[in-house]
Each structure stands twice: as structure tokens, then as C-alpha cells.
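Visitor: Predicted model, plus sequence, below.
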Amino acid sequence: MSWDYIAKIVSLGDSGCGKSSLTIRLCEGRFSPHHDVTIGVEFGSRIVSVGPPASLSLGINAPSTTSQSPTSPAARNAKQKHMKLSIWDTAGQETYKSITRSYFRGASGALLVFDVSRAATFASVTTWLNDLRQIAEEEIVVVLVGNKSDLAAGRTLPSGSEENKREVTREEAEEWCKANKVMTYVETSAKSGEGVERAFLEVAERIYQNIEAGKYDLNDRRSGVKGPGAAGNTAKTVNLGMNDSDAAKRGSAGGCC
């Protein structure tokens, strides 16, 4: 599938939250129960539909800056746009933090991930967000992701009782988003796939809104977005972020898609 835009998305958060599993689920549609600890960064990519008509059913995309509303007949009949998400899955271990931070440059979107069954990982998201905002562009699109929601769903034990491992409530996460000016909160399960695509689409749609509003210089790599001029090319010829040449080679060789 050809694409109209390519956007750099970073995934960050404590080790063991399932960041790599989310990327694998999105790109390959599968769940891997055992995954080696990420060292530095791993790569994946996925082409998604953005803007109307596909976005109309999502309830994400707001009216553009033009007079055309996405709910109008013209929007429903508009030519569908596609965005290639270049996903940079960063290491969560403290050992690699100095390396990880460098990959935040040139990102247009971010998934800030924690484990809903481990309150300590939620306590860390403020630090991760501060690190991101110190390095990334000012208007980077951030979504808070509470992963492993399957552990919070409750399962029946042999005794007949239900086990629920949730340590962070949805209300706590949503309040944190409001207090820290983070766009929205999405709960996901890389194991079942629930909410995974929604989390990435939340980021992609907001980036598309910013493109429509003219907030990015599509010729400036620091914006994290490449525009229509690059459509139809592969990710090998589109470089985003620092150490572009080496990163692109690693991404094309080791990416999940």
C-alpha cells in the first residue's frame, strides 16, 4: 500500500510494560509471550488510514481548519489518506536511558506505556514524560497507554473466585492525563489485541490534524513528518531523527513489518 505521509512514533516507558509486544501486535498481528529485553531501540512500521472517511467511525478527528467538516458529504467522499508509522520501540531499562533519550529527537508522536498491574510503572510515567518533553519537539502528540488490561479483566480461579491484578485505575490514569496535558488515555492488551490499534490511531489521527492545520514543516526532519512528496517510496529513503542513515538500515533489516 502506498502512503501519503510518514511519521516517527516513539514508544517509551519502564522495562517489562509490553512496549515491544504492542509493536509486534500492531505490525504482525501476533502476541509473543517471551521477548528479549530491548537494547537501545527496535523498529517496526505499519500503514494506517488517516482522516475521513476512515476516521469518521473513530470519533477522533475534529473538523479541519478549512470550512469542510469531516462529517459533511464531501468529507465522506474524500480520497482516503494513508500514513506510514515508523515505530521506534525504545529500551525501558535505566542502563540504556542515556541512549534511549537520544531517539526522542525528531518524533512527531509518542506512546507513553505503563503496566496497569504494576503501580510502580505508572509512577514512572511522569519522569518519562519530562524526559520526552525536554528533547522532543514542543507539540509532540502523546498518548498514555495502560497495557496488560487482560490482567485487570478478572479471571475465574478453581475456587470460583475472581483474580484481578489491576493496581492502577482508569480514573487515576485519566486524571494524570488532565494534570499533565497529555492528549488521552487508552487501555490495551498486547495479548488479546484489544485497544492496540486504537492507541496508535489516536496518535496518527492527531498528527494528521496537525498536518491539515499546517503545524509541521514537512521538509524539516525535526518535525518528525514527511509529506506527499515522498509518497510511494519506502522507509529506506525517508530518514527521520538522528543518525538517520544507520537507523534506517537497522529499521529496514530488523523491523517487524
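Guide: That came through fine.

Visitor: where does the stretch 51-200 of the chain have low pLDDT?
Guide: 61-76, 92-98, 153-163 (pLDDT under 70).

Visitor: Please enumerate the strands of it.
Guide: In the stretch 51-200 of the chain, the strands defined using DSSP state E, counting those that start in this stretch lie at 81-90, 109-115, 141-147, 155-156, 162-163, 184-187.

Visitor: if we compare those, which one ends up closest to T127?
Guide: Of all these, it is strand 109-115 that lies closest to T127, at 10.6 Å by C-beta to C-beta. Quick note: C-beta positions are derived from backbone N, CA and C, even for glycine.

Visitor: so what strands line up beside the closest one?
Guide: strand 5-12 (parallel), strand 141-147 (parallel) (DSSP bridges).

Visitor: now for the strands of the stretch 51-200 of the chain, which one comes closest to I211?
Guide: strand 81-90 (8.8 Å).

Visitor: Could you list every helix and strand in contact with the closest one?
Guide: Secondary-structure packing of strand 81-90 (3 or more C-beta pairs under 8 Å, 6 or more residues apart in numbering; DSSP states H and E): strand 5-12, helix 19-28, strand 41-50, helix 196-212.

Visitor: how close does V41 sit to F114?
Guide: Per C-beta to C-beta, to the nearest Å, V41 is found 19 Å from F114.

Visitor: With neighbour numbers in mind, choose between the two.
Guide: More crowded of V41 and F114, by other C-beta atoms under 10 Å: F114, with 27 against 22.

Visitor: Can I get the strands of the stretch 51-200 of the chain in TSV including distance to I9?
Guide: Output for these, formatted as TSV (distance: least, C-beta to C-beta, whole Å):
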stretch	distance to I9
strand 81-90	5
strand 109-115	5
strand 141-147	9
strand 155-156	32
strand 162-163	34
strand 184-187	14
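
Visitor: can you tell which of those strands is closest to T100?
Guide: So among the strands of the stretch 51-200 of the chain, strand 81-90 is nearest, using C-beta to C-beta, at 4.4 Å.

Visitor: quick check: angle from the closest one to helix 196-212?
Guide: Put simply, strand 81-90 runs at 120 degrees to helix 196-212, going by axes from the mean of the first three to the mean of the last three C-alpha atoms, to 10 degrees.

Visitor: partners of strand 81-90 in the sheet?
Guide: Counting by DSSP bridges, strand 81-90 is paired with strand 5-12 (parallel), strand 41-50 (antiparallel).

Visitor: now the angle from that strand to helix 19-28?
Guide: 150 degrees.

Visitor: Any idea how far strand 81-90 is from the middle of the chain?
Guide: Strand 81-90 sits 8 Å away from the centroid of its parent chain (C-alpha atoms, centre = their mean, to the nearest Å).

Visitor: Go through the strands paired with strand 81-90 and find the least confident stretch.
Guide: Lowest mean pLDDT within those: strand 41-50, a mean of 92.

Visitor: I'd like the strands paired with strand 81-90 laid out as a markdown table, including distance to N147.
Guide: Shown next, in a markdown table, are those (distance: least, C-beta to C-beta, whole Å):
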| stretch | distance to N147 |
| --- | --- |
| strand 5-12 | 10 |
| strand 41-50 | 16 |
